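**Q** Sharing a sequence plus its predicted fold:
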Amino acid sequence: MNAIITESPARGDRPAIAYRAAGDRHVLVEYGDMTLHLELNFFVTSVSAHFAANPVAGLIEAAPGFRSLLLHYDPGTISHHDLLAAVEEAHDAQPPVRSLVIPSRLITLPIAFDDSESREAVRRYATTIRQDAPNIRDNSNIDYIVEYNGLPDREALYATVTGTEWWNAYTGFFPGLPFMFPLDPRNAITVPKYNPTRTWTAEGAVGIGGPCVAIYPVESPGGYQLFGRTITVFDILARHDVFRDDPILIRPGDRVRFERVSEDEVLALRRDVLENRYEYTIEDDPFSVADYIERSAGVRAEAEKLGSAREAAAAKTEVP
C-alpha cells in the first residue's frame, strides 16, 4: 500500500512536498530530497512557526523534523481534506526561503570539555560493552573526534565547537533533546556513532553523531561521541524559573553558543540552576536567512577546503 497521499513538485523557491499517511490521526509532510541542507529546515521551521501564530482548529500539534513536519490532528474536528488544504495555505503564505526571517533566540550555554561524567560514561562502555572500540582513547571520545576530522589537536576541536552558533533544527528522540548544526560551515565536523550504543550517559552531556551536536536532557543510553557537559536544558519539575512555562529550554529555530568554562565552574553553575540562582542568557534575535546565505557564501572556499581535509582524514580512520 502506498503511504503517499499526494505530492507537489518544487516550484520556484518552494521545495517539492510529499504528504504521507501516518496512522489515523497523523500526516507526515516531507520537504525536498533526503539531503542535509539547512535551507530545507529553515522552510520547515517557518511553516511550524506559522501554525503556532495561526492556529488551525483540529490541528493538535505540528512537530518539525529536519526536513519534515508531523501533523497530529483530531479527525472529529477537521477532515483529512481540510487539513491538507490548511497546510497548503500555510505553504503559500511563506515568502521565498532566502527572504525568510525566522523567530529565534540566541542561548549562551557554558561547556566544560573532557569532563569527568563523560569520561565515566566512556569508561563504563569500555569496561562492560566493547573493550576494543576504536572511538575510545584513555576513557574519552575526544581524540577520536579530533582524528576523524583531521584536526591538529583537542584545542582545535574546542575552538570549532565554541566558534559558531549551533542551529537547533528540531527537538526530539528524548523530550528536550536538541539536534544542532553549525551556522558557520567552516565549523562543520562529523563523526560516526557508537556501535553498539552506550547504556548510560549523564544528563547535560554534549556529543556529536554524524554532523549533529546534541545535549542529553536526561540520563539515558546514547550513541553520540561525547566531548563535554553543560547545564540543565530540560526540567519537568521546573526547579528553575526558566522552565516554569515549558520544561524544554531549546526550541526548534533557536541557536546555541557555547562558552568554555572549567568543570568546577560548570558543576557550580549546575547547582545554581537547581537552586534557581542561575541567570540563563537568552536573547530574542530573529534569524535572517538572507544574512546566513551571504555569510556562508563569503567563506565557501575555505569551508570546502576544510571539508576536503575532513573527508581525507575520515577515510583513514577506523569506524566503530
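**A** Yep, it's here.

**Q** Pretty sure R124 sits against P221.
**A** No - between R124 and P221 there is no contact, the gap being 11.3 Å when judged by Cβ atoms under 8 Å. C-beta here means a position set from N, CA and C on the backbone, and glycine is covered the same way.

**Q** got any residues that touch both of those two?
**A** 198-200 (Cβ atoms under 8 Å, 6 or more residues apart in numbering).

**Q** Do a quick rundown of the strands in the stretch 1-150 of the chain.
**A** 4-8, 17-21, 26-31, 59-64, 68-73, 101-102, 105-113 (DSSP state E, counting those that start in this stretch).

**Q** could I get those strands as CSV with distance to F287, mean neighbour count and mean pLDDT?
**A** Shown next, in CSV, are the strands of the stretch 1-150 of the chain (distance: least, Cβ to Cβ, whole Å; neighbours: other Cβ atoms under 10 Å; pLDDT from 0 to 100):
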stretch, distance to F287, mean neighbour count, mean pLDDT
strand 4-8, 26, 12, 88
strand 17-21, 22, 18, 93
strand 26-31, 18, 20, 96
strand 59-64, 14, 18, 94
strand 68-73, 18, 20, 96
strand 101-102, 5, 16, 94
strand 105-113, 9, 20, 98
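
**Q** So what's the residue count around A133?
**A** 18 (other Cβ atoms under 10 Å).

**Q** so what's the nearest residue to it once chain neighbours are set aside up against?
**A** In this structure, A133 finds its nearest non-sequential neighbour in P320, 5.6 Å apart by Cβ to Cβ, 6 or more residues apart in numbering. Counting by Cβ under 8 Å, 6+ apart, P320 touches 133-135, 192-195.

**Q** Recalculate using a threshold of 6 Å.
**A** 133-135, 192, 194-195 (Cβ atoms under 6 Å, 6 or more residues apart in numbering).

**Q** Between those, identify the one with the most neighbours.
**A** N135 (26 neighbours).

**Q** what's the pLDDT at it?
**A** Looking at N135, its pLDDT is 98.

**Q** of the shared contacts of R124 and P221, buried ones?
**A** The neighbour count (16 or more other Cβ atoms under 10 Å) marks R198 as buried among these.

**Q** Which of the shared contacts of R124 and P221 fall in strands?
**A** 198-200 (DSSP state E).

**Q** Please determine how far the residue nearest to A133 is located from P134.
**A** Per Cβ to Cβ, to the nearest Å, P320 is found 6 Å from P134.

**Q** Much appreciated, bye for now.
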